[in-house]
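J.: need a structure here:
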Amino acid sequence: MSKKVVKKRKRKNKFVIFAFEVLALIVLLVVLYVVNFFNHVQDGGLKKSEVAINNEIADDSFFQKGQYTNIALFGLDNRGSGQYENGNSDTIMIASINNDNKKVKLISVYRDTYLLVGKNRLAKANSAYAIGGVKNAVKTLNANLDLDIQNYITVDWGALVKAIDALGGIDIEISRAEMNKINEYTVEIVMMTGKQTTKLNTFGKVHLDGTQATSYARIRKLKGDDYLRSSRQRIVLQAMLEKAKMSNVAKLGTMIDSIKNDISTSLSTKDMLSLVSHVKDYQIESTTGFPFKLGTQNINGEDTVIPAELANNVVELHQYMFGDDDGEYSVSKNVESISNRIKLKTGYTSKSRYIVDTNKYNNTAGNISTVGTIEKNEKSSKERE
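T.: Numbering: from 1, shown residues only. Next up is the predicted model:
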């Protein structure tokens, strides 16, 4: 990296490319089926000048080499279909794929995270999209996290439901409480999308259609709150990726055709072609939530996730994404400034008592259930002690 930001980076893995969501994967696979698809996808390419890449990162030799490509995925909570201009982005993810070994890392940015979201305003991360659309949402990620994201994919409920149905559904292990919540949430999703479903009467390992799986991904009002909801979203995406990898071109083509009017993306035909040739090789290596160390506070009448502190969390994020095990990365002046503003506003510091330990929710890779995720992560934590 540039000496302005960091001493020379040491890396165990040469480089990581963007870990894009399974729906991003679905968009890419269209290339294999029908060229006309590109006339339907809502394209909104972003220029470097539009996405607020911090100066130190823009000048950084490491990022300039293009060894990493980061793509943002936004899931909008709009109660309609194909409306991508605004609305809260209640799913915010960053995908990071190692271009050498095609291993993928998924990062969920908790929607309630207190960040600088545009117009010099501190607020919840999910409001950035509503304030200024996808450009502002990408700016928020770059400015607060020292990243160089220039591509995105935006979907809504309808796209997720259709994509999962076209894949033939997915298999996930659920608890009795999750079964009840799925049945509760499907009512609204059926009303919004018109996609009918059946009531679940069993739990354990079950086969979910698009409406049921989307309902599962929305579950928040159970143990684990939004942290575990983010885990569920990654579990669904993992299951979709595995199903997509097993599907033939005809099935993928059917899926793409069903959602082509329900996606907004900046990915060009060239981007898709360069990735699609390796789609069968992609493997989700690990997943996590962000921030890693946090507290909660009621701000303006809303429960808000407070990074404690943002600068320290961003260093840990770069270590996770890029293998900075030597700890030599240092944040940009802009991230340091935002971090100090959040600390001044909330009183949270790196020495504060953390209310929430999210480690047990973070890594969902290889799991098809929240119970399995928690058990595996707790076991890993004990082994590291």
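J.: Once you drop chain neighbours, what's closest to residue 126?
T.: Computed as CB to CB, 6 or more residues apart in numbering, the closest residue to residue 126 that is not its neighbour in sequence is residue 111, at 3.9 Å. (C-beta placed from N, C-alpha, C; glycine too.)
J.: for residue 160, same thing?
T.: Leaving aside its sequence neighbours, residue 160 sits nearest to residue 214 (CB to CB, 6+ apart; 5.0 Å).
J.: And for residue 362?
T.: Nearest one to residue 362, counting by CB to CB, 6+ apart, is residue 288 at 4.3 Å.
J.: which residues does the one you found bridge with?
T.: Counting by DSSP bridges, residue 288 forms beta bridges with residue 107.
J.: quick one: it and residue 321 touch, right?
T.: No: between residue 288 and residue 321 there is no contact under CB atoms under 8 Å: 9.2 Å.
J.: Give me the more crowded residue out of those two.
T.: More neighbours surround residue 288 than the other of residue 288 and residue 321, with 23 against 20 (other CB atoms under 10 Å).
J.: And the more buried one, how close does it get to residue 214?
T.: 23 Å (CB to CB, to the nearest Å).
J.: Show the model's pLDDT score for residue 153.
T.: At residue 153, the model reports a pLDDT of 84.
J.: Which secondary structure state does it sit in?
T.: strand (DSSP: H, G, I helix; E, B strand; the rest coil).
J.: Give me the distance between it and residue 135.
T.: Distance of residue 153 to residue 135, computed by CB to CB: 14 Å.
J.: Looking at the two, which one has more neighbours?
T.: Set residue 153 next to residue 135 and count neighbours by other CB under 10 Å: residue 153 wins out with 27 against 19.
J.: Overlap of the contact sets of residue 288 and residue 321?
T.: The contact sets of residue 288 and residue 321 overlap at 105, 107 (CB atoms under 8 Å, 6 or more residues apart in numbering).
J.: if you average pLDDT over the helix or strand hosting residue 314, what comes out?
T.: Element membership for residue 314, per DSSP states H and E: helix 310-322. For helix 310-322, the mean per-residue pLDDT is 92.
J.: Now tell me what touches the following helix or strand past it from outside.
T.: Per DSSP H and E, helix 310-322 leads on to helix 333-346 as the next helix or strand towards the C-terminus. Residues from elsewhere that reach helix 333-346, judged by CB under 8 Å, 6+ apart: 54-56, 114-116, 122, 143-146, 295, 297, 299, 306-307, 309-312, 314, 331, 348-349.
J.: Give me the domain ranges for this protein.
T.: 17-160+222-384, 171-218 (automatic domain parsing).
J.: ok so, going back, output the helix holding residue 314 in CSV with nothing but the alpha carbons.
T.: Listed next in CSV are the C-alpha coordinates belonging to helix 310-322 (Å, rounded to 0.1, in the frame of the first residue of the first chain):
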residue,chain,number,x,y,z
LEU,A,310,-15.1,3.2,14.1
ALA,A,311,-11.4,3.5,13.3
ASN,A,312,-10.5,0.4,15.2
ASN,A,313,-13.3,-1.5,13.5
VAL,A,314,-12.2,-0.4,10.1
VAL,A,315,-8.6,-1.7,10.8
GLU,A,316,-10.1,-5.0,11.8
LEU,A,317,-12.2,-5.0,8.7
HIS,A,318,-9.2,-4.6,6.4
GLN,A,319,-7.4,-7.3,8.3
TYR,A,320,-10.4,-9.6,7.6
MET,A,321,-10.8,-8.7,4.0
PHE,A,322,-7.2,-8.3,2.9
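J.: Measure how it sits relative to helix 333-346, angle-wise.
T.: Here the directions of helix 310-322 and helix 333-346 differ by 130 degrees (axes from the mean of the first three to the mean of the last three CA atoms, to 10 degrees).
J.: sorry, back to before: any idea how far residue 128 is from the residue nearest to residue 126?
T.: 10 Å.
J.: for residue 221, same thing?
T.: 24 Å.
J.: Compare the two (neighbour count), which wins?
T.: For residue 221 and residue 128, the more surrounded residue by other CB under 10 Å is residue 128, and the numbers stand at 29 against 12.
J.: List the residues that contact that one.
T.: For residue 128, the contact set (CB under 8 Å, 6+ apart) comprises 89, 115, 117-118, 136-137, 139-140.
J.: one more time with 7 Å
T.: Contact partners of residue 128, counting by CB atoms under 7 Å, 6 or more residues apart in numbering, are 117-118, 136-137, 140.
J.: just residue 238 next, same as before
T.: Here residue 238 is in contact with 284, 364-365 (criterion: CB under 7 Å, 6+ apart).
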